[in-house]
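In: I need the structure of the sequence given here:
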Amino acid sequence: MEDAYTDKNTQEKRIKNEERLKERLKAMEPSKGNPHVYDNVFKTMSIRVPKWNIPMVNEFFGTRYGMEDEVEYLYNVETSVFNSFRIKDRLPDSKFKVGDRRYHLECESNLNGDIAIRLFEYDWMDAVNFVEREGAGSYIVRVQNSALLYLRSNENTPEQFTYKLVLPGGEEAVYQVPIIKNPDYSLEEIFEKQLYMMLPYYILKYEPKTEETEDSIENKKKEAEADGNIENEKEKAEAEDRMKELLGRDLDAIEKELNRRVKKHMLREYDKVLLLQLMWDVSKQAFVKSTAMKERVDEFMGGQVLEYAWETEYRRQLKEAEDEGRTIGSIEGANRKIISQICRKLAKNKSVEMIAEELEEDDIGYIQHICEVAAKYAPDYDADRIYEELYPESENE
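Out: Purely as a prediction, here's the structure:
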């Protein structure tokens, strides 16, 4: 079958999408007070460790993919006309292919938002991008497999979204988008099913207990003391102490299980560091109104910023250079060489896994990160600019 969208206009559209993607990826780093931190955490996991999408797909759709199945990440930026036809770009949280099937996963924290309509938008914009010509005047429109992870839920949260399409001839077509609710999963179930993309959000279960700010709590205590009614405030303080203790136990259990899995080669050290870092990022947003709970997480994390594996690797190389008396230039040359090699392979549409195998690089996370940054400079893949973004410190040496 011939792809109906291979003409010049489509090529220009794809190039334009890539330019939009460059700008959107710049805003993906989680930070304190960032309202999009939960989305960014999800995107980060999906891009940095693509195989973690596999257990999520199996849980959503009842499929039986293995962790060895290849995940081809799709860097699509969609143009939305929702909301009074104001044009805006949207970057799906996770969009990829396994075999010949396209998948799209979204995470959502807002229970009162427009996510149901946005999912429908994503599905049909994607369908247009992948229209197939079956014959003269005949086309096949395939809808991707979409699913939604709700980070919060209540009694009104649905089990799925159902869309009924009424066609011009009166025929009806119905499809569903399955929903998973993060609060429904225990820590044991998350690890048992390898649902690592749900792990950083696990601590949100403690969020409802921290709706009040520290100042408002202190003011209420003073008011209660003035009224001679301090029992309720004491009970609240005791309840918060119990929640901090339970949170501490869960954090310890998470660290213990992650270490066990690293030791058993079920996870890499990179994976563990990434999950802990992203959990920390989630906590900064989730506990922004509770200094006590945030401090408990900070205490667990050691009060220092964790480095991603590629950063650690770069610093290790610098240390080796000092120990062995080699010049920084030799390391820079080696790094530039591998970036150039990766760019050439990306230009041939090779996957991260294939590139790592051909370069005989065991740390796929290191290759994955270079590919992420390189994607911003597609289709030309300017190796010099990619190097400067990957190793900004080298410019100041």
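
In: From what I see, residue 270 and residue 368 are in contact.
Out: No: if you go by CB atoms under 8 Å, residue 270 and residue 368 don't touch, sitting 9.2 Å apart. Where C-beta positions appear, they are placed from N, C-alpha and C, glycine not excepted.

In: which residues are contacting the strand or helix carrying residue 148?
Out: Using DSSP states H and E, residue 148 falls within strand 145-150. Under the contact criterion CB atoms under 8 Å, 6 or more residues apart in numbering, strand 145-150 has outside partners 42, 56-57, 60-61, 101-109, 111, 115, 119, 122-123, 157, 161, 177-182, 197-198.

In: Repeat the analysis, applying 6 Å as the threshold.
Out: 60, 103-108, 119, 123, 157, 177-181 (CB atoms under 6 Å, 6 or more residues apart in numbering).

In: Can I get the buried ones among the residues you listed as something I can paste into PyMOL?
Out: Selection of buried members from these for PyMOL, criterion 16 or more other CB atoms under 10 Å:
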select buried, resi 60+103+104+105+106+107+108+119+123+177+178+179+180+181
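
In: Any idea how far the strand holding residue 148 is from the middle of the chain?
Out: 13 Å (CA atoms, centre = their mean, to the nearest Å).

In: what ranges do the strands span in the stretch 1-150 of the chain?
Out: 2-3, 71-73, 78-80, 88-90, 94-98, 101-108, 132-135, 138-140, 145-150 (DSSP state E, counting those that start in this stretch).

In: could I get those as a markdown table with mean pLDDT?
Out: Formatted as a markdown table, those follow (pLDDT from 0 to 100):
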| stretch | mean pLDDT |
| --- | --- |
| strand 2-3 | 41 |
| strand 71-73 | 85 |
| strand 78-80 | 47 |
| strand 88-90 | 52 |
| strand 94-98 | 90 |
| strand 101-108 | 94 |
| strand 132-135 | 88 |
| strand 138-140 | 91 |
| strand 145-150 | 96 |
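
In: what stretches of this protein score poorly on pLDDT?
Out: 1-35, 75-91, 208-234, 236, 302-331, 392-397 (pLDDT under 70).

In: same thing but at 80, please
Out: 1-36, 74-92, 112-113, 207-241, 243, 288-296, 298-334, 361-365, 389, 391-397 (pLDDT under 80).

In: Let me see the ranges of the helices in the stretch 1-150 of the chain.
Out: 8-25, 37-48, 53-61, 82-85, 115-129 (DSSP state H, counting those that start in this stretch).

In: can you list the domains in this protein?
Out: For the chain, automatic domain parsing gives the domain ranges 2-184, 196-266+287-301, 309-396.

In: closest to residue 190 out of those domains?
Out: When those are compared for distance to residue 190 using CB to CB, the nearest one is domain 196-266+287-301, at 5.4 Å.

In: mind listing what's buried in whichever strand or helix holds residue 374?
Out: Residue 374 is part of helix 364-375, with elements assigned from DSSP H and E. Neighbour counts over helix 364-375 (16+ other CB under 10 Å) mark 364-375 as buried.

In: Please apply the same query to stretch 183-201.
Out: Neighbour-count burial for stretch 183-201 [16+ other CB under 10 Å]: 183, 185, 190-191, 194-201.

In: and what of stretch 93-102?
Out: Residues of stretch 93-102 classed as buried: 93-96, 98, 102 (neighbour count, 16+ other CB under 10 Å).

In: can you give me how far that stretch is from the chain middle?
Out: 15 Å.

In: just to revisit the earlier point, with distance to residue 259 added, can I get the strands of the stretch 1-150 of the chain in JSON lines?
Out: Listed next are the strands of the stretch 1-150 of the chain as JSON lines, based on distance: least, CB to CB, whole Å:
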{"stretch": "strand 2-3", "distance to residue 259": "48"}
{"stretch": "strand 71-73", "distance to residue 259": "26"}
{"stretch": "strand 78-80", "distance to residue 259": "39"}
{"stretch": "strand 88-90", "distance to residue 259": "38"}
{"stretch": "strand 94-98", "distance to residue 259": "27"}
{"stretch": "strand 101-108", "distance to residue 259": "26"}
{"stretch": "strand 132-135", "distance to residue 259": "48"}
{"stretch": "strand 138-140", "distance to residue 259": "49"}
{"stretch": "strand 145-150", "distance to residue 259": "26"}
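
In: For residue 269, grab the count of nearby residues.
Out: 14 (other CB atoms under 10 Å).

In: Contacts only, for it.
Out: Counted by CB under 6 Å, 6+ apart, residue 269 has contacts residue 262.

In: Any chance of the backbone angles for it?
Out: Per-residue torsions, residue 269: phi -60, psi -40 (degrees, to the nearest 10).

In: Please report how far it lies from residue 366.
Out: 12 Å (CB to CB, to the nearest Å).

In: swap in residue 161?
Out: Residue 161 is 38 Å from residue 366, by CB to CB.

In: now swap in residue 62 and tell me
Out: For residue 62 relative to residue 366 (CB to CB), the value is 34 Å.

In: now do residue 109
Out: Between residue 109 and residue 366 the computed distance is 31 Å (CB to CB).

In: moving C-terminal of the longest helix belonging to the chain, what's the next helix or strand?
Out: When the chain is parsed with DSSP state H, its longest helix is helix 231-263. Once helix 231-263 ends, the next helix or strand along the chain (criterion: DSSP H and E) is helix 269-286.

In: Can you give me every residue that contacts residue 144?
Out: With CB under 6 Å, 6+ apart, residue 144 has these contacts: 102, 104, 123, 126.

In: now those residues as CSV including distance to residue 387?
Out: Output for the contacts of residue 144, formatted as CSV (distance: CB to CB, whole Å):
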residue, distance to residue 387
102, 33
104, 32
123, 38
126, 33
